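Chemist: Predicted model and sequence below, questions to follow.
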Amino acid sequence: MHAMLAAVEFQLPDTRLSNEEVVRFAINWTPQKILDKTGIAERRIAAKGELSSDLAFHAAEKLFTNSVCVREEIDFILFCTQSPDYLLPTTACLLQNRLKLRTGIGALDFNLGCSGYIYGLGLAQGLIETGQATRVLLLTGETYSKFLSESDFGVRSIFGDAGSATLLKSVDSPEQLMGPYVYGTDGRGAENLILKRHSLRAAEDFSTSEEAVSSDDPATLYMNGPEIFSFAIEAVPKAVNELLQRAQLQRDDVDLYVFHQANEYILNRLQTKLAIPKERFVIAMRDYGNTVSATIPIALHAALAQGQLRPGMRVMLVGFGVGYSWGACLLRYQPD
């Protein structure tokens, strides 16, 4: 048995935050300049009381409503989030009950950001191909907006909220449809994208250096944009080349590249540096922003809707960001 990505859905909050609203917090910026620099025209913002589990729930319900999967057949829930409902209990357990899934299933949260979707695919594939599950519901959900300072233009202009749901299932296929994978971790970069709020270290500095974290408010997200950019430009091409080497493929053997949608400036630099043709490179963030672990499934859904992703294509997925953490994998798109 092999694992297969069978279907993807996503959910956005109703509230829109346009560039016209964002520029209220920035000097010498215009809505068009934000669009030109980031590739983002608007982002969705979760309402008060609307949490990551709500977005993941509605994304999953779309799969059930569209008859892509049957509730009784789900064996495992994996929920990727850095904004869970509670410190405990596990939000995946709450989603099992809310989705009315049977109790004889596994459910767990894993805390990972922009590389989380890749890690989730790897976990789901492992569950399926070791016989522990036949159908896994991989959910993501983030509400970073609840952690952002309204006056911090750098993060406010980029991040949006969203949830996604991906069905992975076992299939009797003669070929491997998912993999190989490449993972990477460098905890030295942790302080460059950090939220101290509610942490057990909230009363202390994350590092011994007072200058390392310049945010004075532990309740808001701190991001060192230039350092994140430098990390991505160095780590992502290495991961792509390592994955191609492991798969014994050339760059042109991959039909479509779907990277984490950090912002258009980073994506354009990576696409140029890797010499990937534009028609094989997905950019789908204009109306969503950077939705963290949901960007890759949203981009997959958009590529499918636009005809850019077609059955039989070999696709490379690459996630990178907070941690630092990165991951890349190949899959053969064979929808249900």
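Modeler: Yep, it's here.

Chemist: Does anything pack onto the helix or strand containing Met4? Which helices or strands?
Modeler: In the assignment (DSSP states H and E), Met4 maps to strand 2-11. Using 3 or more C-beta pairs under 8 Å, 6 or more residues apart in numbering; DSSP states H and E, the elements in contact with strand 2-11 are helix 52-65, helix 116-129, strand 162-171, strand 178-185, helix 295-305. All C-beta spots, glycine's among them, are computed from the backbone N, C-alpha and C.

Chemist: Out of those, which is closest to Ser18?
Modeler: Closest approach to Ser18 among those is made by strand 162-171 (16.6 Å; C-beta to C-beta).

Chemist: Partner strands of that closest one, with direction?
Modeler: Its sheet considered, strand 162-171 pairs with strand 2-11 (antiparallel), strand 135-142 (antiparallel) by DSSP bridges.

Chemist: got the buried residues for that strand?
Modeler: 162-170 (16 or more other C-beta atoms under 10 Å).

Chemist: cool, stretch 101-112 as well?
Modeler: For stretch 101-112, burial by neighbour count (16+ other C-beta under 10 Å) applies to 101, 105, 107, 109-110, 112.

Chemist: Show me which pair in those residues is furthest apart.
Modeler: Leu101 and Leu112 (22.7 Å).

Chemist: Distance check, the residue nearest the centre of the chain against Gly120.
Modeler: With distances taken as C-alpha atoms, centre = their mean, Ser293 lies nearest the centre of the chain, 1.8 Å away. In this view, Ser293 and Gly120 are 8 Å apart by C-beta to C-beta, to the nearest Å.

Chemist: Kindly report the same for Ala294.
Modeler: Ala294 sits at a distance of 11 Å from Gly120 (criterion: C-beta to C-beta).

Chemist: higher neighbour count, the two?
Modeler: Ala294 (34 against 27; other C-beta atoms under 10 Å).

Chemist: Now Gln125: closest residue in space, sequence neighbours ignored.
Modeler: Ala3 (4.1 Å; C-beta to C-beta, 6 or more residues apart in numbering).

Chemist: C-alpha coordinates for stretch 101-112, PDB please?
Modeler: Extracted in PDB, the C-alpha atoms of stretch 101-112 (Å, rounded to 0.1, in the frame of the first residue of the first chain):
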ATOM      1  CA  LEU A 101     -15.800  11.300  14.000                       C
ATOM      2  CA  ARG A 102     -15.800   8.000  15.700                       C
ATOM      3  CA  THR A 103     -13.800   7.600  18.900                       C
ATOM      4  CA  GLY A 104     -11.600   4.800  17.600                       C
ATOM      5  CA  ILE A 105      -9.200   7.100  15.900                       C
ATOM      6  CA  GLY A 106      -5.900   8.900  16.700                       C
ATOM      7  CA  ALA A 107      -5.700  12.600  17.000                       C
ATOM      8  CA  LEU A 108      -2.700  14.900  17.800                       C
ATOM      9  CA  ASP A 109      -1.500  18.500  17.400                       C
ATOM     10  CA  PHE A 110       1.900  19.400  16.200                       C
ATOM     11  CA  ASN A 111       3.300  22.900  16.600                       C
ATOM     12  CA  LEU A 112       5.100  23.900  13.500                       C
END
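
Chemist: who's in contact with that stretch?
Modeler: 71-72, 74-82, 84, 90-93, 95-96, 116, 119-120, 123, 127, 132-133, 293, 322-323, 325 (C-beta atoms under 8 Å, 6 or more residues apart in numbering).

Chemist: next one: stretch 172-185
Modeler: Outside stretch 172-185, the residues within contact range by C-beta under 8 Å, 6+ apart are 1-5, 118-119, 121-122, 125, 171, 235, 239, 242-243, 246-247, 323-332, 334.

Chemist: Same check on stretch 51-58?
Modeler: 11-13, 46, 79, 81, 83-85, 91, 94-95, 98-99, 139-143, 161-165.

Chemist: List only buried entries from the residues you listed.
Modeler: Buried among the contacts of stretch 51-58 (16+ other C-beta under 10 Å): 11-13, 46, 79, 81, 83-85, 91, 94-95, 99, 139-143, 161-165.

Chemist: quick revisit: closest one to Arg314 among the strands paired with strand 162-171?
Modeler: Across the strands paired with strand 162-171, the minimum distance to Arg314, taken as C-beta to C-beta, is reached by strand 2-11, at 12.5 Å.

Chemist: What's the first helix or strand after that closest one?
Modeler: Immediately after strand 2-11, counting by DSSP H and E, sits strand 15-18.

Chemist: who's in contact with that next one?
Modeler: Counting by C-beta under 8 Å, 6+ apart, 31, 41-47, 145, 156, 160 sit against strand 15-18.

Chemist: List the buried residues for the helix or strand just after that strand?
Modeler: Following strand 15-18 in sequence order, the next helix or strand is helix 19-22 (DSSP H and E). Under the neighbour-count criterion of 16+ other C-beta under 10 Å, helix 19-22 has 19, 22 buried.

Chemist: for helix 19-22, what is the average pLDDT?
Modeler: Across helix 19-22, the average pLDDT comes to 92.
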